[in-house]
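1. Need a 3D model of the following:
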Amino acid sequence: MILPKASENLYPRSRENFKAILAHYFPRVPDEDIEKSIELLMKNKSLSLNQVEFGARFTIENEELLNKAEFSKLPSARIHYAVMSIFFSKEQWNTSGANMQRLEHFRELYRDSFFKKWPE
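-> Take a look at the predicted model:
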């Protein structure tokens, strides 16, 4: 599994495109949480649109593990932290405290459940 390159985006980062992705992958999430997620995704430019879509799909596929790691239920937070924990090294996480512990815990759960080779 490889995170898509930002340069391979076909569509621009826009509220409408984020809303379409979030509504598709998180149909039961309240509208106010979708709107909060859109705002956070628009402000945080670390993930491109295709990476957000990949992260949303990855989040849904690993929902049980994310629940065990006690991540926020907010879609943007789940996407961000799931992608960060799997595809970025610890030095790139740019967080501390409880979030760092959740990232490490999710990484361990994911590694243990899928027996993948893991970057340290």
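
2. The residue positioned nearest the centre of the chain is in what secondary structure piece?
-> For the chain, residue 79 is the residue whose C-alpha lies nearest the centre (CA atoms, centre = their mean; 1.6 Å). Per DSSP states H and E: residue 79 is located in helix 75-87.

3. Name the nearest residue to the residue nearest to the centre of the chain, ignoring sequence neighbours.
-> residue 55 (3.8 Å; CB to CB, 6 or more residues apart in numbering). Backbone N, C-alpha and C define where each C-beta goes, glycine included.

4. residues touching the one you found, list them.
-> 47, 79, 80, 82, 83 (CB atoms under 8 Å, 6 or more residues apart in numbering).

5. so how far is the host helix or strand of it from its chain's centroid?
-> In the assignment (DSSP H and E), residue 55 maps to helix 49-61. The chain centroid and the centroid of helix 49-61 are separated by 6 Å under CA atoms, centre = their mean, to the nearest Å.

6. related to what we said a few turns ago, need the contacts of residue 55 in CSV (columns: distance to residue 19 and pLDDT).
-> Shown next, in CSV, are the contacts of residue 55 (distance: CB to CB, whole Å; pLDDT from 0 to 100):
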residue, distance to residue 19, pLDDT
47, 16, 79
79, 14, 80
80, 17, 77
82, 20, 77
83, 19, 76
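
7. tell me the two of those residues that are most distant?
-> Greatest spatial distance among the contacts of residue 55 (CB to CB): 47 and 82, at 11.0 Å.

8. higher neighbour count, the two?
-> Neighbour tally, residue 47 and residue 82, criterion other CB atoms under 10 Å: the higher count belongs to residue 82, 26 against 21.

9. Contact partners for that one?
-> Contacts of residue 82 by CB under 8 Å, 6+ apart are 55, 58, 59, 62, 66, 71, 106.

10. same check, this time on residue 6
-> Residue 6 touches 47, 48, 50, 51, counting by CB under 8 Å, 6+ apart.

11. if we can go back for a sec, looking at the helix holding residue 55 now, give me its mean pLDDT.
-> Helix 49-61 shows a mean pLDDT of 85.
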